[in-house]
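> Predicted model and sequence follow; I will ask about them next.
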Amino acid sequence: MKWKVCGMRDLANIEAVAACEPDYMGFIWVEKSPRYVGPDFVIPTLSEKTQAVGVFVNESVANILALSKKAGFQVVQLHGEEGQEEIDTLRDAGLVVIKAVSVATEVDMLGLDLNPDYYLFDTKKGSQVGGTGEKFDWSILEAYTLGIPYFLAGGLDEASIKDAKKLPGLYALDFNSKLESSPGMKDLVKVKEITQKI
């Protein structure tokens, strides 16, 4: 089971979490997010085991590609209304693409016809894009048959891991706010608990 810690921002905290060797670490380039890293942020060197992920909402492909080179990420996570054209352009440039889908009911799973490398299913809450700290009804995913592996996000903590592992098609668990002492600051005790349970 792969796992990701998202919403990293503080350099010392990044280094400490990176020592636990998550498979992915997410860095948010969305101005309205309390975990926004800023336009000049450069991702510090991570272990070979950990891939850096740039997180965006309706950002232009040109800006994403420029930031990927400047900041140093190989994976991009799209949380807006991006379509297949944007996904294909990013993949053609050598990036791995995760397409996020906000889920509240089964209706939100209908009509998924994109072809990213991975989906990411997160909790829908009004206009909020990720970072809700709340779970959606995971039973919606029990009938998942699209064949594209996915990340599961939304209110995940160490107690969630056992049940989440039973879901079909699950590729990785995406942890964020439930591991935090404050926005962008991960509690190392909780991160280490995740490491042991994964």
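Sure thing, it's come through.
> any low-confidence regions in this structure?
126-132 (pLDDT under 70).
> how about the helices in the chain?
All helices of the chain, identified by DSSP state H, fall at 11-18, 61-67, 84-92, 161-164, 188-197.
> any chance of those helices in TSV, plus distance to Glu106 and mean neighbour count?
Yep, even glycine has a C-beta here, placed from its N, CA and C like the rest. Shown next, in TSV, are the helices of the chain (distance: least, CB to CB, whole Å; neighbours: other CB atoms under 10 Å):
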stretch	distance to Glu106	mean neighbour count
helix 11-18	34	16
helix 61-67	31	16
helix 84-92	23	16
helix 161-164	18	13
helix 188-197	29	15
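> Quick one: closest of these to Ser33.
Among the helices of the chain, the nearest to Ser33 by CB to CB is helix 61-67 (15.0 Å).
> packing partners for that closest one?
Where contact means 3 or more CB pairs under 8 Å, 6 or more residues apart in numbering; DSSP states H and E, helix 61-67 is packed against strand 51-56, helix 84-92.
> Give me the buried positions along the longest strand seen in the chain.
Counting by DSSP state E, the longest strand found in the chain is strand 96-103. The neighbour-count check on strand 96-103 (16 or more other CB atoms under 10 Å) flags 96-103 as buried.
> All the strands of the protein, residue numbers only.
Per DSSP E, the chain carries strands over the ranges 2-5, 24-28, 51-56, 75-78, 96-103, 118-123, 150-152, 170-175, 180-182, 185-186.
> Wait, Gly184 touches Ala12, no?
No. Between Gly184 and Ala12 there is no contact under CB atoms under 8 Å: 11.7 Å.
> ok, back up a step: show me the strands paired with the longest strand of the chain, marking each as parallel or antiparallel.
Here strand 96-103 is paired, per DSSP bridges, with strand 75-78 (parallel), strand 118-123 (parallel).
> could I get the shortest one in PDB with only the CA atoms?
Put plainly, it is strand 75-78. What follows is strand 75-78, C-alpha atoms only, in PDB (Å, rounded to 0.1, in the frame of the first residue of the first chain):
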ATOM      1  CA  VAL A  75       3.800  14.300 -10.300                       C
ATOM      2  CA  VAL A  76       1.000  16.800 -10.700                       C
ATOM      3  CA  GLN A  77      -2.400  16.700  -8.900                       C
ATOM      4  CA  LEU A  78      -5.300  18.500 -10.500                       C
END
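> How far away from the center of its chain is that strand?
Between the centre of strand 75-78 and the centre of its chain there are 8 Å (CA atoms, centre = their mean, to the nearest Å).
> got the buried residues for it?
For strand 75-78, the neighbour count (16+ other CB under 10 Å) marks 75-78 as buried.
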